[in-house]
Structures are given as C-alpha cells and as structure tokens.
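Peer 1: From the sequence below, what's the structure:
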Amino acid sequence: LKAERSETWRTEERAEHVRQVVRDMMADADTRASLLDEELAAGYNADHFFLSSTDGSFMFIPYGQLNFRYVLNYIDYDDDNDGDNIESGFELSRAKIGARGHIADPRINYDFLVGLDNTSSNAEVIVDRAYFGFTVKDNLRIGAGLDKIPYLREEGVPIGGQMAIERSYTNENFTLGRSVGVRADYTVCDNLDWTVMLSNGRNAAEKFGDSDDVNIRFYDDMVDYAVTTRLDYRVIGEREPIGVRTMDLWSTDFHSWSDTPSILDIGGAFHYQQSETGNDSDNDSEWGYTFDFSFKHQGFSLYSAYMARHEEYEDDDDRRPWGAVVQAGYFLTPDQVVPICGYEYVDLDDGVNGNLERAELGIITAGANYYFNRNYSKRSLDFMYIPDGIPDADDSGLPEDQHYNLGLIPQSGNDRDDQFVVRTQFQLQF
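Peer 2: Next up, the predicted model:
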C-alpha cells in the first residue's frame, strides 16, 4: 500500500512538472510577442493566404503556380528523309512564386513575381513582374515597374484562367510582352476603364532562350518612345472603380463559373513605338491595334479578338501582319468539366524576309478541362491541328522558344507539312 501511494505521488509530481513547463513556454512566447509593436493577423480568406498588420497598413499575400506538362508533336512529312515524325516528352512549363499586397498604406501596393525560365538551356530564374502602384483615388491608380504591356486581352488573363493549356499562336505573334515603364489606370465612368502606359517598347523585358537582350535599363532600350492605350467597357454586368477593385475575378478568367453573373466585355487598344533615331539602320517604327469581346452566361463562355500590326521600315518594305482568334467553352457539370474549342487565323504578310509564299495559316484547337477546385487545381487535355505547318522564326518573327512553349515545331521555307499536337497538363496554383 505504501508503495502504491509513493507511485501515485510520483505520477502527480511528473504531471505537475509537465504543466509547469507548458506554463513557462507560454509565458516566454507571450514575452516575445509583446516585443512586437503591433500584433499580426494571418489566415486564409477563401481566395488566398495572407499576413497583415491588425490596422491593415501592411499586407503580404504569397502566390505561386506549378504546371507539369506532356507534349507530343507529329509532323506529317511529305518526304520520309525530312526527319523524325514524332517529338514528345515531359516539361515543367511554369514554376513561379511571388507576393503582392501593400506597404505602410493600403494605397501603396506592390506585386513581385519570379519564375523558372523554361526557354533557357540553363534553367535560370528570372523576374517575371516587379511593379508598384499608388491609388490616387477610387477611380485612379498610377504605377511603375516591369510588367506586361496592357494591350491584348488574352495576354492580360493569367495563364491559369485560359480556356486552352496555352495562349493562342495568334496572341504570341501580336502580344507586346513585358516591358519597363509607367502606367495609369482610370475608371472614366461606370464600367468603363482607360489605361495608358509609356514603356521601353514591345518585348523589351522579355528573355528568349539564352539571349541576354533584356532591356530594363535606360540605355539598353531600342526605342525613342513607346505608348500604349487601352479601353475596356462592360456592356452587361457591373464592376467597381479601379481604385477600390481588389481583383475583378470575372475579368481574370475566361470561364463562366456557377456563381459568375452574365457578363459582356468589349475592349480595344492601340500601340505606337518609334525606334532609336540617329541611326540609319534603326529609324523604323511600328503601330498596332486590337479589338476583342468576351461573353459569359450560365456556364457558356465565348471570346474573340482581332489584331493587326503595321511595321514601317526605312530600308525595307513595310509589313502588315494580322490575325484573329475565337474560343468557346461550356461546363457540362458545374465548375468541373468544360470542353473547349477554338480557331485562329494569321496572315504574316510575306514574312519578315518578304519571301514567304505560304504566309497564311490556321490552327484548330479542341480539348477539355477537369477542375478539382477551380483554377487552383485542374487537369487539362487538348489537341491542335495545323494544316499548313508553322513557319520558322526568320519568317514569322516569333522566336523559336515561343513556338516550343506552345508545343509547335517551326519549319523553314515554303515547303511546310501538317502538324498534330497533343498536350496534357496538371496545374496547381495558390
């Protein structure tokens, strides 16, 4: 009996010792927390994770994306000696991580994104976006940094919100890509937004392959000036002014989800840039324009755009390439299974070198997306058919790496062959 009482006492003593250790740890944690000037708030608000000060003056929102893809390209060579008909393999098409939020004041916002450069043989990490802005008032925001030029609507929609696995070939030919500059976003009136950007010009901050030609410094740019302006009007539906709009979810995704209201957006943009003057070989200029519309209603979505570019050369013939694209999708089951289809047409106007006889090409795309949880997790499969093949970079002006990103293999000259492409991808993003 005496032994049992002794063992019971020891058990209670150990339990009290453990409780005292826990109390000491909690007291130490409270002491460390009290050293902070302000408490922190953290959590998940059904859209993103966040870390912020309790007064709302600081906000940190991490985000990222991972795309793992398999691509098969089949070229129907007329001549068996032209090469291997099939190229296939796996690729990590995107691996990006970034942060956005505001500093010191909710009006001072930032957005920084880095990613793995899948066009380089060295697998380098590059800056995808480095931007900060200031909300002057509810309908006006100004900003500066490295970002996409606000020109094509398809380029402005994040890759995770596209209908197909990748943006269209037409978009890649006419996009202005990333550049460094200043911009202003202004809500003119209800549902009408106007954006203006002064930059270093088309694709100035893009890195293609192993090239080091990334023009983010003032003496590296190849233009005297470049200006882009865009108008967007919501014909059906409503949205808040630019200054108080945290994120217009319906404009950053092409699909019509179960909670998406009926929406009709129309837009257009104009771009002009003048190459460096004072150099006989570079006194060239170019200007372009685009029109687009996007419609969503009860699971159905439709997008279409027309774009053209006028390239004016001092020592060569001018070029007038143009293109058009249309895409559609419909949810067979709400927010889960959506078949998609699309067609695009491009006229390269005799090519960059002026000797491209087969300058017109069309591309047919069809496939489907299966969503585990909207764009946060999805599986995609699509097919592309190019009956006239794809011209190479010397004729199209589109770098080879941009072709490969789409799953396409460019061919030189006018003797091109039909191509069939199969792409399947798993996407994670937060």
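
Peer 1: Mind jotting down where the strands sit in the stretch 51-200 of the chain?
Peer 2: 59-76, 86-102, 108-116, 125-137, 140-148, 178-189, 192-199 (DSSP state E, counting those that start in this stretch).

Peer 1: got CSV for these, with mean neighbour count too?
Peer 2: Every C-beta, even on glycine, is put in place using the N, C-alpha and C of the backbone. Listed next are those as CSV, based on neighbours: other C-beta atoms under 10 Å:
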stretch, mean neighbour count
strand 59-76, 18
strand 86-102, 16
strand 108-116, 18
strand 125-137, 17
strand 140-148, 19
strand 178-189, 19
strand 192-199, 19
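
Peer 1: wait, which of the ones you listed is closest to residue 346?
Peer 2: strand 59-76 (18.5 Å; C-beta to C-beta).

Peer 1: The strands of the stretch 51-200 of the chain into CSV, with extra columns for mean pLDDT and distance to residue 235?
Peer 2: Shown next, in CSV, are the strands of the stretch 51-200 of the chain (pLDDT from 0 to 100; distance: least, C-beta to C-beta, whole Å):
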stretch, mean pLDDT, distance to residue 235
strand 59-76, 94, 30
strand 86-102, 94, 29
strand 108-116, 92, 28
strand 125-137, 91, 25
strand 140-148, 94, 23
strand 178-189, 93, 13
strand 192-199, 95, 10
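
Peer 1: Redo the ones you listed as a markdown table? Include distance to residue 385.
Peer 2: What follows is these, written out as a markdown table (distance: least, C-beta to C-beta, whole Å):
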| stretch | distance to residue 385 |
| --- | --- |
| strand 59-76 | 10 |
| strand 86-102 | 15 |
| strand 108-116 | 30 |
| strand 125-137 | 31 |
| strand 140-148 | 29 |
| strand 178-189 | 30 |
| strand 192-199 | 36 |
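
Peer 1: Out of the ones you listed, which gets nearest to residue 233?
Peer 2: Taking these one by one with C-beta to C-beta, strand 192-199 is closest: 4.9 Å.

Peer 1: wait, which of the strands of the stretch 51-200 of the chain is closest to residue 409?
Peer 2: Nearest of the strands of the stretch 51-200 of the chain (C-beta to C-beta): strand 59-76, 5.3 Å.

Peer 1: Tell me the neighbouring strands of that closest one, and mark each as parallel or antiparallel.
Peer 2: Paired strands of strand 59-76, with direction, are strand 49-53 (antiparallel), strand 86-102 (antiparallel), strand 418-429 (antiparallel) (DSSP bridges).

Peer 1: Going by residue numbers, what spans are strands in the stretch 201-350 of the chain?
Peer 2: 223-236, 263-275, 285-297, 300-312, 322-330, 337-347.

Peer 1: Just confirm residue 307 contacts residue 270, I think it does.
Peer 2: No - the criterion here is C-beta atoms under 8 Å, and residue 307 misses it with residue 270 at 11.1 Å.

Peer 1: More neighbours: which of those two?
Peer 2: residue 307 (25 against 14; other C-beta atoms under 10 Å).

Peer 1: which residues sit in contact with the most centrally placed residue in the chain?
Peer 2: The chain has residue 158 as the residue nearest its centroid, 3.6 Å off, counting by C-alpha atoms, centre = their mean. Taking C-beta atoms under 8 Å, 6 or more residues apart in numbering, we find residue 158 in contact with 252-253.

Peer 1: Residue 260 versus that one, what's the distance?
Peer 2: The spacing between residue 158 and residue 260, counted by C-beta to C-beta, to the nearest Å, is 16 Å.

Peer 1: What of residue 117?
Peer 2: For residue 117 relative to residue 260 (C-beta to C-beta), the value is 34 Å.

Peer 1: and if you look at residue 407?
Peer 2: 29 Å.

Peer 1: Tell me which of these two has more neighbours.
Peer 2: Legend: neighbour count by other C-beta under 10 Å for residue 407 and residue 260, higher for residue 407 (23 against 18).

Peer 1: That one and residue 423 touch, don't they?
Peer 2: Yes - if you go by C-beta under 8 Å, residue 407 and residue 423 touch, sitting 5.2 Å apart.

Peer 1: Can you pull the residues that touch both of the two?
Peer 2: 71, 166, 384.

Peer 1: State whether the second one and residue 407 are indeed in contact, as I suppose.
Peer 2: In other words, residue 166. Yes - with contact defined as C-beta under 8 Å, residue 166 counts as touching residue 407 (7.3 Å).
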